[in-house]
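A.B. asks: Structure for this input, please:
(2 chains)
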Amino acid sequence: AQSVSQHNHHVILSEAASLELGCNYSYGGTVNLFWYVQYPGQHLQLLLKYFSGDPLVKGIKGFEAEFIKSKFSFNLRKPSVQWSDTAEYFCAADGSSNTGKLIFGQGTTLQVKP
Amino acid sequence: GAVVSQHPSWVICKSGTSVKIECRSLDFQATTMFWYRQFPKQSLMLMATSNEGSKATYEQGVEKDKFLINHASLTLSTLTVTSAHPEDSSFYICSARVAGYEQYFGPGTRLTVT
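C.D. replies: Residues are numbered from 1 along each chain as shown, chains lettered A, B, ... in the order given. As a prediction, the model looks like this:
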């Protein structure tokens, strides 16, 4: 069965610390991968996506993610977090046909302390 | 970026009544709209996919007679929760996109059934 899992449910960091959020997927065939962010009280926003090509993807707000096919992973990274990065982060996947039917991971709550 | 709205943002209804939730794409015409359900502190689960002018397709385990979806135009989809019960209480989120392009999410509707 297709699934997406996120290892970290709740992460607490101090400002300027580096961030890495894990995401693993189980999918038959080619997969498209996404990271979304949900700030408190706001709607989901796309941080970055991977469809094909360079496995290191850069997104908005200084975030990046690396697609490692051999590890079925798509981890999200940021070298130096800010208090404003406090939010819920979701990894999601879609099949190569790009139907838009996203399967989401459980989400990771990131709390950045000033 | 594109904007998707939902109305109402919060609704409380009595058990046995029906509730309609609207999802609108405000500045683009969406060929496809999706409905997700999010339980507290959990991930988003895709409920159904809605294409303008055709019947919605429901994910496995979603009761199509309970969750009626109508996609009357390229900018409006509605989800009606019929004969609502307390277990239907949840956060319902819609998203909209033009085929092959980015999916934009609405702010969500919190449904509480008493």
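A.B. asks: Pairing partners for the residue nearest the centre of chain B in the sheet, please.
C.D. replies: Nearest residue to the geometric centre of chain B (Cα atoms, centre = their mean): B:Trp35, 3.8 Å. With DSSP bridges as the criterion, B:Trp35 is bridged to B:Ala48, B:Cys94.
A.B. asks: Tell me which residues touch it, please.
C.D. replies: Neighbour list for B:Trp35: B:Cys23, B:Leu46, B:Met47, B:Ala48, B:Ser50, B:Phe67, B:Ile69, B:Ser77, B:Leu79, B:Tyr92, B:Ile93, B:Cys94 [criterion: Cβ atoms under 8 Å, 6 or more residues apart in numbering or on different chains]. (Glycine included, C-beta is placed from N, CA and C.)
A.B. asks: Kindly report the same for A:Leu76.
C.D. replies: For A:Leu76, the contacting residues are A:Leu19, A:Glu20, A:Leu21, A:Cys23, A:Trp35, A:Leu47, A:Leu48, A:Phe63, A:Glu64, A:Ala65, A:Tyr89, A:Cys91, by Cβ under 8 Å, 6+ apart.
A.B. asks: Quick check: phi and psi at the second one.
C.D. replies: Comment: the main-chain dihedrals of A:Glu20 come out as phi -140, psi 120, following degrees, to the nearest 10.
A.B. asks: What ranges does the chain have for its strands?
C.D. replies: You didn't pick a chain, so chain A it is. Along chain A, counting by DSSP state E, strands occupy A:3-5, A:10-14, A:19-21, A:24-26, A:31-38, A:44-50, A:56-58, A:64-68, A:73-78, A:87-95, A:103-104, A:108-113.
A.B. asks: Chain B, not that one
C.D. replies: Per DSSP E, chain B carries strands over the ranges B:4-7, B:10-13, B:19-25, B:32-38, B:44-51, B:57-58, B:67-73, B:76-81, B:90-97, B:104-105, B:109-113.
A.B. asks: Any idea which of those gets closest to A:Gln111?
C.D. replies: Within the strands of chain B, the stretch nearest A:Gln111 is strand B:32-38; the backing value is 19.4 Å (Cβ to Cβ).
A.B. asks: how big is the angle separating that closest one from strand A:44-50?
C.D. replies: Orientation check (axes from the mean of the first three to the mean of the last three Cα atoms, to 10 degrees): strand B:32-38 against strand A:44-50 gives 110 degrees.
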